[in-house]
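Enquirer: here's a sequence, model it:
(chains A and B)
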Amino acid sequence: ETGVTQTPRHLVMGMTNKKSLKCEQHLGHNAMYWYKQSAKKPLELMFVYSLEERVENNSVPSRFSPECPNSSHLFLHLHTLQPEDSALYLCASSQDYARGPDTQYFGPGTRLTVL
Amino acid sequence: GQNIDQPTEMTATEGAIVQINCTYQTSGFNGLFWYQQHAGEAPTFLSYNVLDGLEEKGRFSSFLSRSKGYSYLLLKELQMKDSASYLCAVRDRDYKLSFGAGTTVTVRA
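Expert: Prediction:
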């Protein structure tokens, strides 16, 4: 247990569906992250939030929409996804963004399959 | 973009030592991390290096040479539970963390 939880753990959706991934951290951290992990590829950073403000958006398609209502919760809203979006989506948190060691702690991920 | 290279796979025997190398080319440097990820689980933090030299933590050690853009993770007295993927990640001058593709280590009895 890293103190970061994600739900659901597995999700199968059609290309026309709308779904949301949820992440919650119990560590009192100020920064939260979404990553995409595809087989045999490096983790790809998607979004970063620091103190509930988005600080990075790495050219992610608009069919992925993040939301950070408070420093403990992070959502990833999914809409009209493509089969190539099937991957493991990992959430992480760190004490602060861009300060000191800033070690990131990861949740278990949501395994997403788009049919 | 950033370039982080590590071997795809390594195999070793229980009780042995394995060294996983990582080379990187990034825009500036603000630290290097090693993570362990078991299949189907979250990556978990192993080590952090920001200065040159060796950091030891039990059976695991991590080494950094900033001038060479090089790090290694040393796993000693290998156990079956060490079978996992090991991720090298480097933070650049903008504090952006970039990951290598990971090295899958298989420990055999």
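Enquirer: please make it C-alpha for all contacts and neighbour counts, starting now.
Expert: Noted.
Enquirer: excluding residues flanking it in the chain, which one is nearest residue 104?
Expert: In the absence of a named chain, this looks at chain A. Nearest residue to A:Q104, sequence neighbours excluded (Cα to Cα, 6 or more residues apart in numbering or on different chains): A:S94, at 4.6 Å.
Enquirer: that's the other chain; I wanted chain B
Expert: Once flanking residues are discounted, B:T104 sits nearest to B:S85: 4.2 Å by Cα to Cα, 6+ apart.
Enquirer: list phi and psi for the residue nearest to A:T103 when sequence neighbours are not counted.
Expert: With Cα to Cα, 6+ apart as the criterion, A:T103 has its nearest non-adjacent residue at 5.8 Å, and that residue is A:S94. With angles defined as degrees, to the nearest 10, A:S94 shows backbone torsions of phi -140, psi 160.
Enquirer: and A:S94, how close does it get to chain B?
Expert: According to Cα to the nearest Cα, to the nearest Å, A:S94 stands 12 Å off from chain B.
Enquirer: A:L88 contacts A:W34, doesn't it?
Expert: No - contact criterion Cα atoms under 8 Å: A:L88 and A:W34 do not qualify, at 10.6 Å.
Enquirer: which stretches of chain A form strands?
Expert: A:4-7, A:10-13, A:18-25, A:31-37, A:44-50, A:53-57, A:64-70, A:73-79, A:87-94, A:105-106, A:110-114 (DSSP state E).
Enquirer: ah, wrong one, I meant chain B
Expert: Using DSSP E, strands in chain B cover B:3-5, B:9-13, B:18-25, B:32-37, B:44-49, B:53-57, B:60-65, B:70-75, B:84-91, B:97-99, B:103-108.
Enquirer: let me have those in CSV, extended by mean pLDDT.
Expert: Shown next, in CSV, are the strands of chain B (pLDDT from 0 to 100):
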stretch, mean pLDDT
strand B:3-5, 94
strand B:9-13, 97
strand B:18-25, 97
strand B:32-37, 96
strand B:44-49, 94
strand B:53-57, 94
strand B:60-65, 98
strand B:70-75, 98
strand B:84-91, 96
strand B:97-99, 91
strand B:103-108, 97
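Enquirer: and those strands, which is most packed in?
Expert: strand B:84-91 (a mean of 25; mean count of other Cα atoms under 10 Å in any protein chain shown).
Enquirer: contact residues of chain B facing chain A?
Expert: Chain B has residues B:31, B:40-45, B:48, B:94-96, B:98-102 near chain A, with proximity defined as Cα under 8 Å from any Cα of the partner chain.
Enquirer: which residues of chain A lie near chain B?
Expert: Contact residues, chain A versus chain B (Cα under 8 Å from any Cα): A:2, A:40-45, A:90, A:98, A:101, A:103-109.
Enquirer: what about 10 Å?
Expert: When proximity is defined by Cα under 10 Å from any Cα of the partner chain, chain A lies next to chain B at A:1-2, A:4, A:37-45, A:48, A:56, A:88, A:90-92, A:97-111.
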